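Asks: Sharing a model that was predicted from the sequence below.
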Amino acid sequence: MNVMTRRDTLISLAAGVGAASALPLEADAQTPPAVDRRPRSYDLIGQAAPATNLPRFGGGRLTEADFKGKTTIVQFWGIWCPDCLADADDVAELNRLIERDRALRFIGIHTRGRYGRWGGLAEFFAEKGYRFPVAIDDDSAAYRAWNIKWVPSFVIVGPDGIIRDFTTDLKAGSGIGVQGLLTKARNVARLKTRT
């Protein structure tokens, strides 16, 4: 009778002997599958952009009046967020393209008051060489008012101040990229000319 003990089985596995297929790897049996928690829908589509009054990085205030007259892409993000950092180059490019488009505008809302190793936005922008408009939501009041569940999130507000579209991430998650988000925003901007 050929009875293998656990020790014999482990020795056989280490040596590459056939009993390997009989035993599941413990790590695989205990590791749950990855779950993508990014929201696929957004409850505020069709509603007015929430009342907003936030300080802007560099001076001034962001208010609900800023969400009227042009189609606005609002990004909720934070430099503490790995997915936001992955999108940062794309966001800088998005802002450069929007600056040349009279129908569109962009504003980032930095939320949760965490700044990681940079300690603040000035240090982050200086190191990275980025330049795009940002409002500060350190207490996350705007994050809650806008019913955001994930960062980065991009909300498209029509020129009438009504929320028209939503997506998460430019690279991870939705993966729509700069051009995909611009297409969505331009479609919303065109609605104004048809109504």
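Replies: All right, it came through fine. The model shown is predicted, which means the values in this text are computed figures rather than measured ones.

Asks: mind listing what's buried in stretch 164-175?
Replies: 164-170, 173-174 (16 or more other CB atoms under 10 Å). C-beta: built from backbone N, CA, C; applies to glycine.

Asks: repeat for stretch 115-125
Replies: In stretch 115-125, counting by 16+ other CB under 10 Å, buried: 115, 121, 124-125.

Asks: ok, now stretch 147-159?
Replies: Under 16+ other CB under 10 Å, the buried positions of stretch 147-159 are 148, 151-159.

Asks: C-alpha coordinates for it, PDB please?
Replies: The C-alpha trace of stretch 147-159 is given here as PDB (Å, rounded to 0.1, in the frame of the first residue of the first chain):
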ATOM      1  CA  ASN A 147     -23.200  61.700  -4.200                       C
ATOM      2  CA  ILE A 148     -19.800  60.500  -5.300                       C
ATOM      3  CA  LYS A 149     -18.900  56.900  -4.500                       C
ATOM      4  CA  TRP A 150     -15.500  56.500  -6.200                       C
ATOM      5  CA  VAL A 151     -12.500  58.600  -7.200                       C
ATOM      6  CA  PRO A 152     -11.600  59.500  -9.800                       C
ATOM      7  CA  SER A 153     -15.200  60.200 -11.000                       C
ATOM      8  CA  PHE A 154     -16.000  62.500 -13.900                       C
ATOM      9  CA  VAL A 155     -19.400  64.200 -13.900                       C
ATOM     10  CA  ILE A 156     -20.500  66.100 -17.000                       C
ATOM     11  CA  VAL A 157     -22.700  69.100 -16.300                       C
ATOM     12  CA  GLY A 158     -24.600  70.600 -19.300                       C
ATOM     13  CA  PRO A 159     -24.600  74.400 -19.900                       C
END
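
Asks: helix/strand/coil for L182?
Replies: Here L182 is helix, with the state taken from DSSP: H, G, I helix; E, B strand; the rest coil.

Asks: er, F106 I mean
Replies: Of the three states, F106 takes strand under three-state DSSP.

Asks: what's near enough to touch it?
Replies: Contact partners of F106, counting by CB atoms under 8 Å, 6 or more residues apart in numbering, are 72-73, 75, 94-95, 98, 132-133.
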